[in-house]
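Q: quick one, what's the 3D model for this:
(4 chains)
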2 protein chains.
Amino acid sequence: MNGSLATESIYFMTKVALLPDTNELAGKRDSILRAALQLFTERGFHGTAMPLVAELAGVGAGTIYRYFESKEALVNTLYRDWKTFQITTILKDVPAAIPLREQFQMYWNRLVEFACEFPLAFGFLELHFHAPYLDAESRAIEERGHHALIGFFQNCLRQQIVKDSPPEMLGAIVMGAYVGLMKASRAGCFELSKEIVDKAEACCWEAIRR
Amino acid sequence: MNGSLATESIYFMTKVALLPDTNELAGKRDSILRAALQLFTERGFHGTAMPLVAELAGVGAGTIYRYFESKEALVNTLYRDWKTFQITTILKDVPAAIPLREQFQMYWNRLVEFACEFPLAFGFLELHFHAPYLDAESRAIEERGHHALIGFFQNCLRQQIVKDSPPEMLGAIVMGAYVGLMKASRAGCFELSKEIVDKAEACCWEAIRR
DNA sequence: AGTAAAAGAATGAATGTTCATTCCGCCTGC
DNA sequence: GCAGGCGGAATGAACATTCATTCTTTTACT
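A: Residues are numbered from 1 along each chain as shown, chains lettered A, B, ... in the order given. As a prediction, the model looks like this:
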């Protein structure tokens, strides 16, 4: 039902998600998506009451159902839009010609930038990864991202620049380290300075390099 | 199935620490804890109805409240028991005399063994890490584990055998990689053979070594 | 342009459902 | 036969969703 508006939502992310508290300018649908992103991330899907989403969005409880069929449809729209946006921004315009070592660096920096720029979305995607209420389409998008990741490490394996291991293992280690790092910095364990980010990137490459 | 191992462990813990005298009560209490572990892990805290826990445990709905004050008390007991058990089994009897590199190997193997032997507990602790309904005591136990982790990497730093970085960063990368690896193998991405586990351990050490 | 009617959007109290928790009668072991 | 653990229907609160109504925008006609 809302699939056709996905593109507009992504546009909204880039334009508005950076500027907080612009409820006046945002449409109702976007206000709802923004409120739901925050509450689902902070309190989980089942822990968030729809009237609370409505209140934070500054709309009536019934208004949500003018834009989304159900609570499940809302969380799936949110997941689909943000996951698509994440995959797009991370993969976009990485030159295939440069060495894979440099591509790795680019991917790493983009992952970190995404988590820093959109901390709520990062937390949301992390929390709702593989959740039982995600539908087939959401899973398919998840799968797309996974394939891109595995494809990169398969390229690395072909060039014999990484340890001879299943690409899924290499991906799991690097992405796990990334998530662990972002969560720890969000928890206040350390400042995510450029120096730390670069050091962590070096760590991750040395973890997998041949 | 390995659920019986989990049951025995929890039974052991409850017998020793929580209900020293009443073996008959421990039976029902244990069933409830086991059912709750499974359901909370699969469906989340808010997504799990208490009558469902009772049904899976094979007890009446009211019986749960003879052993636990509330749903929150139940999830906190579960968290405390398993987190304590996890920390204990991973830290126990690691000789302080052997090189830190070998200690790292021991810790790694124990972490993997824990996740393989008690997959539900691993998922539970991962999912409920830092959840808002965990109380001060549960947080304190969480903190204890964190301090042990940081302490180890501080020792490594003192011996200058790891990269000169905040110990929290080193811990976040290694533990993140560990969690990522366990989740991926549980998702069916690859078989967790001894070879893969050893390879991953080598990856993690090379990530942080000087 | 001005106005009235129609259409569309938004609302929030109302609805039926599900939940955590309680309570009371049953049953078991002594 | 009775004390107390136990089950599961009962309870009231909280929830997702609905819908009759109100408010806003567009259209149609003069």
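Q: tally of neighbours for A:Q38?
A: 17 (other Cβ atoms under 10 Å in any protein chain shown). For the C-beta atoms, the positions are set from N, CA and C on the backbone; glycine is no exception.
Q: make sure it is indeed in a helix.
A: Yes: the assignment for A:Q38, made by DSSP: H, G, I helix; E, B strand; the rest coil, places it in a helix.
Q: how about the nearest residue to it, chain neighbours excluded?
A: Nearest residue to A:Q38, sequence neighbours excluded (Cβ to Cβ, 6 or more residues apart in numbering or on different chains): A:L120, at 5.7 Å.
Q: who does the stretch of helix or strand that neighbour belongs to touch, helix- and strand-wise?
A: Assigned by DSSP states H and E, A:L120 falls within helix A:119-128. Secondary-structure packing of helix A:119-128 (3 or more Cβ pairs under 8 Å, 6 or more residues apart in numbering or on different chains; DSSP states H and E): helix A:28-43, helix A:71-91, helix A:100-117, helix A:167-186.
Q: dump the ones you listed to a markdown table, plus mean pLDDT and distance to B:C189.
A: As requested, the helices and strands packed on helix A:119-128 are exported to a markdown table (pLDDT from 0 to 100; distance: least, Cβ to Cβ, whole Å):
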| stretch | mean pLDDT | distance to B:C189 |
| --- | --- | --- |
| helix A:28-43 | 97 | 26 |
| helix A:71-91 | 98 | 18 |
| helix A:100-117 | 98 | 19 |
| helix A:167-186 | 98 | 4 |
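Q: mind putting those into a markdown table with distance to DNA strand C?
A: What follows is those, written out as a markdown table (distance: least, Cβ to the nearest atom of the strand, whole Å):
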| stretch | distance to DNA strand C |
| --- | --- |
| helix A:28-43 | 4 |
| helix A:71-91 | 12 |
| helix A:100-117 | 28 |
| helix A:167-186 | 27 |
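Q: tell me which of these is the most buried.
A: helix A:167-186 (a mean of 24; mean count of other Cβ atoms under 10 Å in any protein chain shown).
Q: starting at the chain centroid, how far to that one?
A: Chain-centre distance of helix A:167-186: 13 Å, with Cα atoms, centre = their mean, to the nearest Å.
Q: can you list the residues of chain A near DNA strand D?
A: Applying Cβ under 7 Å from any atom of the strand, we find that chain A lies next to DNA strand D at A:T48, A:A49, A:M50, A:P51, A:A61, A:G62, A:Y65, A:S70, A:K71, A:E72.
Q: try 6 Å
A: A:A49, A:M50, A:P51, A:A61, A:G62, A:Y65, A:S70, A:K71 (Cβ under 6 Å from any atom of the strand).
Q: any idea which of these is closest to DNA strand C?
A: Among the residues of chain A next to DNA strand D, A:G62 lies closest to DNA strand C (Cβ to the nearest atom of the strand), at 1.5 Å.
Q: quick one: the closest one from B:G58, how far?
A: Distance, A:G62 to B:G58, by Cβ to Cβ, to the nearest Å: 42 Å.
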